[in-house]
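>>> pasting the structure only:
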């Protein structure tokens, strides 16, 4: 949005350096989307989310080439990108990325009863599907990591990587499955932990 939160994001990216901000879309129609996470003492993370400008975000076909000048395309907003979700544009973008030889990764935001229908056309173009374990159970209606991951692999995902909190990660491909334990650390703040996980994984893919 054309507001203080939007200014903060753009300015922060510029200070970091090495980030092309030319394709950041801004609008005066809606405020910048924002989430407050009142982390509870037991680690639970209820989310207070304000939908906003992310609903208007849209990548046109004419911009696909520029967006895909990379090794990896990470799509992290399915469920809260209204114009991309309802038009099927996310699937088109991911398919284009695969046709250009990119590795593709996918995370979710706030899945609901409609999320599965959004995922079905996208997953065949996804190399690594990376929801939380809770999200995987919710969408697949399965109750074990192996069953939930098989559900998404059968829909076309190349591999499933489920974020599992203090239990670590569960990984399943079409030929193998395993669990990686979490590092033993003193947790200070879990805000953004899922996004940081995906960012670290993508950074590793690029090495």
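Structure's in. What do you need? None of the values given here were measured: they were computed from a predicted structure. Residues are numbered from 1 along each chain as shown.

>>> just the buried positions in the helix or strand bottoming out on mean pLDDT in the chain, please.
Least confident helix or strand, the chain: strand 48-50 with a mean of 87, by mean pLDDT, DSSP states H and E. By neighbour count with 16 or more other CB atoms under 10 Å, strand 48-50 contains no buried residues. Heads up, the C-betas are built off the backbone N, CA and C, glycines and all.

>>> that strand pairs with which strands, and in what direction?
Applying DSSP bridges, strand 48-50 is found paired with strand 34-36 (antiparallel).

>>> pLDDT (mean, whole number) over the partner strand?
The average pLDDT within strand 34-36 is 90.

>>> how about that strand: buried residues?
For strand 34-36, it's none, nothing buried (16+ other CB under 10 Å).

>>> wouldn't residue 206 be in contact with residue 73 here?
No: Residue 206 is not in contact with residue 73 according to CB atoms under 8 Å; the separation is 11.7 Å.

>>> if you count surrounding residues, which of those two has more?
Counted by other CB atoms under 10 Å, residue 206 and residue 73 do not tie: residue 73 has more neighbours, with 23 against 10.

>>> surely that one forms part of a strand?
Yes: per DSSP: H, G, I helix; E, B strand; the rest coil, residue 73 lies within a strand segment.

>>> which stretches of this protein form strands?
34-36, 48-50, 72-78, 103-108, 128-129, 159-163, 169-173, 177-180 (DSSP state E).

>>> export those as JSON lines, with columns for distance to residue 57.
As requested, these are exported to JSON lines (distance: least, CB to CB, whole Å):
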{"stretch": "strand 34-36", "distance to residue 57": "14"}
{"stretch": "strand 48-50", "distance to residue 57": "15"}
{"stretch": "strand 72-78", "distance to residue 57": "7"}
{"stretch": "strand 103-108", "distance to residue 57": "15"}
{"stretch": "strand 128-129", "distance to residue 57": "21"}
{"stretch": "strand 159-163", "distance to residue 57": "24"}
{"stretch": "strand 169-173", "distance to residue 57": "28"}
{"stretch": "strand 177-180", "distance to residue 57": "32"}
